[in-house]
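S.K.: Make a model of this:
(chains A and B)
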Amino acid sequence: MTNLLRHHLFWPVAALVVLLVANTIARPSFLAITVRDGHLFGAPVDILRTTAPLLLVALGMTLVIATRGIDLSVGAVVAVSGAVALSHIASSPNPDSPVTVLTAVGLALALCVVLGVWNGFLVSVLGIQPIIATLILMTAGRGVAMLITGGMITTVNSEPFKVLGSGFWLGLPVAAVIAFGVFAVVAFVVRRTALGMLLEATGINPAASRLSGVRSKTLTWTVYTASGLFAGLAGLLISADTMAADANNAGLFIELDAILAVVIGGTALSGGKFNLSGTLVGALVIATLERTVTVLGISPLVTPLFMALVVIAVTLLQSPRMRERLTAAARRPVATTPPEPQPAARPDSTEVKAR
Amino acid sequence: MTTSAPARATRALKIPTRLDRRYLPVLGTFVVLALMLVLGGTRYENFLTPAVVSNLFINNAHLIVLAVGMTFVILTGGIDLSVGSVLALSTVVTAALLQAGLPPAVVIPLAVGAGTVIGLAHGVMVHYFQVQPFVATLAGMFFARGLCFLIAPESIAIENASFVELASWVQIFGGWRMSSSVLIALVVVGLGFLVLHFTRFGRTVYAIGGGEQSALLMGLPVARTKVLAYMVSGTCAGLGGLLFAMYSRSGYSLTGVAMELDAIAAVVIGGTLLTGGTGFVLGSVLGVLVLGLIQTIITFEGTLSSWWTKIVIGVLLLIFVALQRILTLRRT
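M.R.: Okay, here's the model as predicted:
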């Protein structure tokens, strides 16, 4: 029981299960999946589709956070990516040709990689704190997106592009296939090679890892670039879903949702140990939460309040203090010796690693 | 505090007229502000007039108050993402309670107090539960925004006679205008300055930012000071909301979206390090004025679109951050 309680995925999965149960009670057919027109339909499939952009952004965010950084600019990058792709498609004579769409996707992703490289440059070469370095692009990025779209909401009609957002492949939503595919590849690369360990080393102690031969700078640069690329991909999925590039509102607050997903998943913002499976659960929790609000008939206006309560509950349950108390409470009955006095000195926050 | 003592000693040995390094970022902000004023003055007619400068203060009074509160939190090494939402909550509370017929004397403390309570909750979460400031105040941001919608999904106009009278109070000296909100903002700046530099609490704020462990080992009241810093920020956000309600004569749940970024940008441009321990309230005020002046110049330019504001703010942030980086590199 204690082992289960202490598992890093226990609270996030518990939150997800509670949400799903609440939904099923409110609407018994919630978990039902039906096949219609050769595609899977149903709330769970829909949740997978809406999770896709958030999952991509949160994936990049997890890697960045693992190196003790943070990337606030992802929302702006989402806006830039959509703006570039849709502007290119809108200005081309043949918006339905796959070549146009591929060029648009290529252009958008290339620009997002450049933005990621820029963030990485500021953080790893100039040594600027990640929160400010990415704040710059967060502020300026939306301005750039507005510049690209000319301050208007660009809308297009392009069948091949639309597939990205609302198409199906083998009965599954294309957006979800892309996001989960990228997630699987990254998880494989990070966990089946030494890369993940090197990232954690950089996050736990940049100086020591550099001295022991880890190329911290290159790694830091890489994760920001990856974060930019994934945010760009998320931007494509979002803009393909609405078929509109809204420089002001596309990906608004997605950086906060992504950071929440990472935190709910049990990765500490102080860097070091990270777990991608936690991020996946975290992203699912947030997407399900948004869905729950509509299923339970809560006014969308109070969604933030509801979100806040869930976030506060999960973060408090995960906080080191609360864990100490919970494990102490669970240990007490079996302890033969009187319980050890709680350590009086508070450990430094950087030493606390959520496990 | 510990870092400034040896710095002061070496300074005394060198040429005494030499400026303390700590003031350099603020001086940089001041130079930028002066340059922008000169640029505007030479480029446009009627730019350097009392009316324009007065308006700069009147339009940004709420942001000045937010930036003062934010400075306290950032000096301790934290951050407060909730100020924009708390500001909106305060405008909504003010408007809703006034509409319900309560007198301003009751409404104003309640609106400001709402901010204080949210700040207290942040402080408790950050200090006693060791939730990272970023996450704790992010939750607070959602919470306050949600409360706004719960209280009033629609915009509420403020028609209470005495509140409107308070809001439209204005003192005119020649071409200069001083509204009640500017007066309140300046009082807050003065108080913030006094508290940070002449009280034990203020010195402890700097000490925590310089090194929390050291502050703890020195026997300073770290817990109380940290919680208080978040309460100061929350109170300032509540007061900022009141000023915004006076300015817009309404309460609306969507005011102040992303205003926390403006406040953070102002504090950073004002020379405060986000790692904590270094910075001044007056620098943050200069930062707000720089942001406001960008807006004014773009309005005067006329042909520039409003999104240039965002790009210029981003570029300015970059310049200041790079400047700070060079300064800190040279120091070590």
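
S.K.: ok, and for stretch B:163-170, which residues are buried?
M.R.: Within stretch B:163-170, the residues that qualify as buried are B:163, B:167, counting by 16 or more other Cβ atoms under 10 Å in any protein chain shown. C-beta coordinates here come from the backbone N, C-alpha and C atoms, glycine included.

S.K.: And the contacts of it?
M.R.: Here stretch B:163-170 makes contact (Cβ atoms under 8 Å, 6 or more residues apart in numbering or on different chains) with B:94, B:98, B:104, B:107, B:158, B:177-181, B:245-247, B:249.

S.K.: buried residues in stretch B:57-71?
M.R.: Residues B:57-58, B:60-71 are the ones in stretch B:57-71 that count as buried (16+ other Cβ under 10 Å).

S.K.: Quick one, which of the contacts of stretch B:163-170 are buried?
M.R.: Buried among these by 16+ other Cβ under 10 Å: B:94, B:98, B:104, B:107, B:158, B:177-181, B:245-247.

S.K.: ok, now how distant is B:Gly276 from B:Phe72?
M.R.: B:Gly276 sits 10 Å away from B:Phe72, going by Cβ to Cβ, to the nearest Å.

S.K.: I'd guessed A:Leu233 sits against A:Val113; true?
M.R.: No: using Cβ atoms under 8 Å as the test, A:Leu233 is too far from A:Val113 to be in contact (10.6 Å).

S.K.: between those two, which one's more packed in?
M.R.: Legend: neighbour count by other Cβ atoms under 10 Å in any protein chain shown for A:Leu233 and A:Val113, higher for A:Leu233 (28 against 16).

S.K.: what about the more buried one, which helix or strand?
M.R.: Using DSSP states H and E, A:Leu233 maps to helix A:216-242.

S.K.: closest to chain A among the contacts of stretch B:163-170?
M.R.: B:Thr94 (19.3 Å; Cβ to the nearest Cβ).

S.K.: what about the helix or strand containing the closest one, average pLDDT?
M.R.: Using DSSP H and E, B:Thr94 sits within helix B:83-99. The average pLDDT within helix B:83-99 is 94.

S.K.: next one: stretch B:253-261
M.R.: The average pLDDT for stretch B:253-261 rounds to 85.

S.K.: Is it in proximity to chain A?
M.R.: Yes: judged by Cβ under 8 Å from any Cβ of the partner chain, stretch B:253-261 comes into contact with chain A at B:253, B:261.

S.K.: Between the two ends of that stretch, how far is it?
M.R.: 18 Å (Cα to Cα, to the nearest Å).

S.K.: which parts of it are buried?
M.R.: Within stretch B:253-261, the residues scored as buried using 16+ other Cβ under 10 Å are B:253, B:255-256, B:259-261.

S.K.: near chain B, which residues of the stretch 201-350 of chain A show up?
M.R.: Listed as neighbours of chain B in the stretch 201-350 of chain A under the rule Cβ under 8 Å from any Cβ: A:247, A:256, A:259-260, A:263, A:268-270, A:299, A:301-309, A:311-312, A:315-316, A:319-322, A:346, A:348-349.

S.K.: contacting residues around the closest residue to chain A within the stretch 151-300 of chain B?
M.R.: The minimum distance from the stretch 151-300 of chain B to chain A, using Cβ to the nearest Cβ, falls at B:Pro153 (5.1 Å). When contacts are counted by Cβ under 8 Å, 6+ apart, B:Pro153 touches A:299, A:301, B:253.

S.K.: Now the helix or strand that contains B:Val126: buried residues?
M.R.: Assigned by DSSP H and E, B:Val126 belongs to helix B:104-128. The neighbour-count check on helix B:104-128 (16+ other Cβ under 10 Å) flags B:104, B:107-108, B:111-112, B:114-116, B:118-127 as buried.
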